Every structure is written in structure tokens, then in C-alpha cells.
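J.: I need the structure of the sequence given here:
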Amino acid sequence: MLLGDLGADVVKLERPGRGDDLREMGGRDGMSAPFAAVNRNKRGIAVDLRHPEGAKVAFELARRADVVVENFLPGVADKLGLGYEAVRDANPAVVYLSVTGFGRAGPYAKRPGYNTIAQGMSGLMAITGMPGHPPTRVGGSVADLAAAFVAFGAVNAALVHRFRTGLGQHLDVSLLASTLALLPDPVALYFDSGVRPGREGNRNPHMTPAEAFRTRDGYMTVVLMNPDQWDRFCRVLGDAALRLEPRFRTNADRLANHAELKARIEAALAGASTAEWVERFEAAAIAAGPIYEFDQVFEDPQVCHLGLVTEMEQPGYGKVKMLGFPFGASSTSVTIRRPAPRLGEHTAKVLEELGWARREIERLAAAGAVMLGPAPWKA
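T.: Residues are numbered from 1 along each chain as shown. Prediction:
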């Protein structure tokens with residue numbers, strides 16, 4: 001999706017009949033809001049890769065592509081005649097990306113992997129949750145998205161390499177490695193100390209105040225990094241004695257007396273609303289922010305200013321709101337040129353571009369090698 005937003009011509013291959021599983025996530029008539037949100041700017045074709053002629057269609061696409069992305073279990077693409085070596089022999093400049101649960105080799109290579117599995121095995125769930133409570137899954141598909149963002153960077157780096165050398169390469173991205181890559185700090189501290197990190201809830205176990213606090217009408221977060229900020233924090237709270245008390249003077253002192261410190265801070269914060277405290281801390285150059293419920297996120301003026309939400313008309317579904325592009329670029333235009341494809345919508349058009357005549361395309365559809373969508377002869 002990100003490559004498509006930046007202008008790439010992305011062709012998504014789906015199985016005929018049912019298509020991508022995400023189409024059925026709260027959807028209707030083969031289209032859902034989640035599918036629309038992550039498949040914009042893609043053309044869609046429906047191909048049966050188990051059919052010899054369907055596999056040939058996919059190979060012809062791969063032979064001409066700058067980038068090929070596959071997320072089969074290791075070995076499946078090879079059996080279909082679509083593995084890296086086969087594609088590379090026909091297209092030496094190809095950047096070929098394999099995304100798996102656990103990597104292309106090793107004892108778990110053939111295991112299927114999903115977001116929650118990767119969260120559990122990476123240690124992310126082990127350090128998420130309240131003390132004394134079970135490990136907790138992080139909301140959202142963070143492992144899937146971690147792998148996607150790693151893949152986005154890897155593909156772009158490989159394309160730079162190709163521009164310099166003329167050669168492509170095989171990229172191996174896994175959910176497990178990508179999710180573990182989200183944890184450099186706890187990993188470094190664990191190897192340095194030998195102490196297994198635990199679940200700390202909403203606080204940073206190594207510095208304080210650096211956590212969530214209750215206010216008069218909700219919750220907020222505050223993070224302090226140095227003694228100067230502690231001094232200003234106490235002044236904003238209106239608790240001058242707190243700043244001078246020996247048991248709270250240094251970060252180590254505050255960590256040793258954390259429970260008492262938190263109770264005292266929250267007693268002061270109870271005197272005003274979250275919005276008032278955020279404004280006061282901002283004036284004192286203290287990092288602070290509200291903890292939003294999900295609907296409040298999209299009312300925030302900074303979220304609105306950054307254009308992080310976009311809306312489009314999705315054929316087969318109606319108007320759909322979704323996240324926009326996540327970073328700004330001064331010289332690269334980012335546009336939503338097309339909505340998510342209906343199943344097989346561009347099969348005929350793409351096959352025409354590959355050199356198949358209309359009669360041959362109709363024969364492939366009749367044989368079950370491909371499926372033609374609702375508007376097969378339109379761009």
C-alpha cells in the first residue's frame with residue numbers, strides 16, 4: 001500500500017471465488033472496510049496458482065516486475081514455479097521479498113504465523129500488561145505492521161542497490177524478527193543485567209515520573225528525562241515541598257519510593273482536567289499528553305493538521321474512512337489514485353498488458369485459470 005501511495009503500479013493476486021480473507025472481515029459482497037483501507041492504489045487480478053496456466057500468468061507478471069512480494073510458507077512458491085531462483089533466472093534485477101512467520105529457514109520455518117503468535121514469541125506480550133496479571137496482547141496487528149514497515153524499508157534499500165549495480169536480491173522478512181526488533185531497549189537491558197524484564201503496566205521501570213496518571217476527568221501521560229524537568233514539573237504541580245524532599249530528589253530515589261510518589265502526583269492532578277494539565281505542562285516544556293479513547297484520537301487538532309485520515313468512495317461498499325500516508329515528503333507526491341479492487345477487477349486489463357488476446361483471456365477464464373471481475377475490460 002505504501003509503495004502504491006508513492007506511485008508504484010501494484011498488482012495484487014488473489015484466489016478466484018473467495019479472494020483475500022480480509023474481504024470478509026465485517027464486509028458485504030466481497031468488500032470490507034479493513035480490506036479497502038490496506039488495498040487502495042492496487043490493481044487486483046484473480047488467478048488460480050494451482051492451475052498450470054494460472055501459474056504461468058503469475059510468472060509473466062513476476063518476469064516483468066521490479067518487485068515481487070510473496071507470503072507463502074517456505075517452499076510453496078518454489079513448488080508453484082514462482083520461487084526466487086526461477087524468477088531471478090528470468091529477471092535478474094528483481095527484488096523478491098518473502099514474508100513469513102518465522103523466516104525461510106530454521107526449525108520453525110514451516111509453521112504458519114500470525115500477529116498474536118509473533119507477539120507471544122517475541123517477548124512483547126511478556127512485558128505488556130499490569131504487574132501480577134497475565135501477559136497481554138498489544139492492541140492492533142502490530143506484528144503484521146512491524147513486518148510490513150521492515151519490508152517497506154528493505155524493498156526501498158534493495159531498489160537503491162539495484163539502481164547502483166543492476167542486480168536484484170532475495171529479501172527475507174519475518175513477523176518474529178520484525179516484532180523482536182521493536183524491543184531494542186528491553187533486550188539490551190536484559191543482556192546487560194541478566195534480569196528478566198517483567199510487566200510494568202503503564203510506567204517506565206527505569207525512570208519516573210514516566211507513566212500514566214489519573215486527572216480530574218481522565219488520564220494523561222508525563223515523561224521526565226532529567227533533573228531540570230523534575231524541578232519544573234514540581235513547580236507546575238504547585239508542590240514545592242515535593243521538589244525538595246530527599247526521598248524524591250533523584251530518579252533513583254523516586255524509583256525506590258514510586259508508590260508514594262505516584263499517589264502524591266495524582267492527588268495534585270485531581271485538581272484540574274487533563275486538558276488543563278497538558279496546557280500547563282506544555283508551557284513549562286514538560287512532555288505530556290492526554291490518553292485518548294479511540295474516538296477522541298480523530299478529533300485531536302494535530303491529527304487533523306497532519307492529514308492522518310482520508311476518505312474515499314469504495315465501489316461495492318460506499319464511503320470509507322482510513323488512515324492516510326504516515327510521513328511527509330517534500331518532493332514526492334502521495335496520492336490515492338484508485339480504491340481497493342473488487343475481486344478480479346483488473347484481471348483482463350493486466351493480461352492484455354502482458355500480451356494475451358481477448359479470446360485467450362476468455363479461454364483462461366472458462367478453464368478456471370483466472371477469474372474476470374465485474375468490469376473486466378476497463379482500466
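
J.: can you pull out the strands in the stretch 101-250 of the chain?
T.: Per DSSP state E, counting those that start in this stretch, the stretch 101-250 of the chain carries strands over the ranges 169-174, 210-214, 219-223.

J.: paired strands for the first one, with orientation please.
T.: The pairing partners recorded for strand 169-174 under DSSP bridges are strand 95-100 (parallel).

J.: residue 369 is in contact with residue 47, correct?
T.: Yes. Counting by CB atoms under 8 Å, residue 47 touches residue 369, with 7.1 Å between them. For the C-beta atoms, the positions are set from N, CA and C on the backbone; glycine is no exception.

J.: quick check: angle from the host helix or strand of residue 261 to strand 210-214?
T.: Using DSSP states H and E, residue 261 sits within helix 258-269. Relative orientation of helix 258-269 versus strand 210-214 (axes from the mean of the first three to the mean of the last three CA atoms, to 10 degrees): 50 degrees.

J.: for the helix or strand just after helix 258-269, buried residues please.
T.: Toward the C-terminus, helix 258-269 is succeeded by helix 274-283 as the next helix or strand (DSSP H and E). By neighbour count with 16 or more other CB atoms under 10 Å, helix 274-283 contains the buried residues 274, 277-278, 280-281.

J.: then stretch 56-64?
T.: Neighbour count says stretch 56-64 has 57-62 buried, by 16+ other CB under 10 Å.

J.: point out the ones among the residues you listed that are inside helices.
T.: Among the buried residues of stretch 56-64, the members falling in helices are 57-62 (criterion: DSSP state H).

J.: using CSV, write out the CA atom coordinates for the lowest-mean-pLDDT helix or strand in the chain.
T.: None of the helices or strands of the chain scores lower by mean pLDDT, DSSP states H and E than helix 240-244, at a mean of 88. Extracted in CSV, the C-alpha atoms of helix 240-244 (Å, rounded to 0.1, in the frame of the first residue of the first chain):
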residue,chain,number,x,y,z
ALA,A,240,7.3,22.9,46.2
ALA,A,241,7.9,20.5,49.0
LEU,A,242,7.9,17.6,46.6
ARG,A,243,10.9,19.1,44.8
LEU,A,244,13.0,19.3,48.0
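
J.: ok, and what's touching that helix?
T.: 230-231, 234-235, 248, 264 (CB atoms under 8 Å, 6 or more residues apart in numbering).

J.: which among those count as buried?
T.: 230, 234, 248, 264.

J.: low-confidence stretches in the protein?
T.: 375-379 (pLDDT under 70).

J.: returning to that earlier point: what is the helix holding residue 261 packed up against?
T.: strand 210-214, helix 227-237 (3 or more CB pairs under 8 Å, 6 or more residues apart in numbering; DSSP states H and E).

J.: 7 Å instead, please
T.: strand 210-214 (3 or more CB pairs under 7 Å, 6 or more residues apart in numbering; DSSP states H and E).

J.: could I get the buried residue list for the strand it packs on?
T.: Result for strand 210-214 [16+ other CB under 10 Å]: buried residues 210-211, 213-214.

J.: any idea how far it is from the chain center?
T.: Centroid separation for strand 210-214 versus its chain: 26 Å, with CA atoms, centre = their mean, to the nearest Å.

J.: list the contacts of residue 218.
T.: Residue 218 makes contact with 274, 290-291, according to CB atoms under 7 Å, 6 or more residues apart in numbering.

J.: of the residues you listed, closest to residue 119?
T.: residue 291 (21.5 Å; CB to CB).

J.: farthest pair within the ones in helices among the buried residues of stretch 56-64?
T.: Applying CB to CB across these, the maximum distance is between 57 and 62, 9.9 Å.
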